[in-house]
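S.K.: Attaching a predicted model along with its sequence, questions to come.
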Amino acid sequence: MAADNSLSHFDDQGRAHMVDVSNKPVTSRIAVAEGHITMTADTLALVMEGRAAKGDVLGTARLAGIMGAKRCADLIPLCHPLPITKVSLDLTCDPDLPGVRISATVKTTGQTGVEMEALTAVSVAALTVHDMVKAVQKDMVIGGVRVTLKDGGKSGRFTAP
């Protein structure tokens, strides 16, 4: 939200528009997002043991997440296309969930942040896990997708509680 608590993606007549960031300084920016996909212990075992019929679930999901971050501006109508300098994803099998925990870190040096890119990376990675094992389990649940860290720019550092 803008400093005056108005929504910055709407003009004074309530029409959606892309925010003008041309007067903002170029700064180093980072965002981290997380999420998870839950599944049965048997489905998770397929993923962990590399026995999924479609191949390497975690490796494919990692690549998909990177690609998703890079294409964020093509998917979210008012996102700025950004010169992303780093995207990394960690996918961790968690038997206690049971499922896969996903974390994405995105960096840039620019005039706006990369929160949407990090969220998109997590979401696309989770969707890819779902796609790769949906033949075995159709009722997996994607959840907990949120920004856990944002730093850089005028609003400073945010860390989720």
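M.R.: Cool, the structure landed.

S.K.: Strands of the chain, residue ranges please.
M.R.: 27-38, 84-94, 99-110, 141-151, 158-159 (DSSP state E).

S.K.: out of these, deepest packed?
M.R.: strand 99-110 (a mean of 23; mean count of other CB atoms under 10 Å). To be clear about C-beta, it is placed using only N, CA and C from the backbone, and glycine gets the same treatment.

S.K.: helices or strands next to the longest helix that the chain contains in the packing?
M.R.: Counting by DSSP state H, the longest helix found in the chain is helix 115-133. Packing partners of helix 115-133 (3 or more CB pairs under 8 Å, 6 or more residues apart in numbering; DSSP states H and E): strand 27-38, helix 41-48, helix 57-70, helix 72-75, strand 84-94, strand 99-110, strand 141-151.

S.K.: what's the closest of the ones you listed to Gly14?
M.R.: helix 72-75 (23.2 Å; CB to CB).

S.K.: Nearest to Gly55, out of the strands of the chain?
M.R.: strand 84-94 (14.4 Å).

S.K.: partners of the closest one, with directions?
M.R.: strand 99-110 (antiparallel) (DSSP bridges).

S.K.: Can you check the pLDDT for the spatially most central residue of the chain?
M.R.: The chain has Leu119 as the residue nearest its centroid, 2.3 Å off, counting by CA atoms, centre = their mean. pLDDT recorded at Leu119 is 98.

S.K.: Once you drop chain neighbours, what's closest to it?
M.R.: Counting by CB to CB, 6 or more residues apart in numbering, Leu119 lies nearest to Ala33, which is 4.7 Å off, once chain neighbours are set aside.

S.K.: isn't that neighbour right next to Met116, touching?
M.R.: No. In this structure, Ala33 is not within contact of Met116 by CB atoms under 8 Å, at 9.2 Å.

S.K.: before we move on, back to that, so which of the helices and strands packed on helix 115-133 comes closest to Arg15?
M.R.: Closest among those, once you apply CB to CB, is helix 72-75, at 19.7 Å.

S.K.: I'd like to know which elements the closest one is packed against.
M.R.: helix 115-133.

S.K.: For the residue nearest to Leu119, give me its contacts.
M.R.: The contact partners of Ala33, by CB atoms under 8 Å, 6 or more residues apart in numbering, come to Ser103, Ala104, Glu115, Ala118, Leu119, Ala121, Val122, Val145, Arg146, Val147, Thr148.

S.K.: rerun at 6 Å
M.R.: Listed by CB atoms under 6 Å, 6 or more residues apart in numbering, the contact set of Ala33 reads Ala104, Ala118, Leu119, Val122, Val147.
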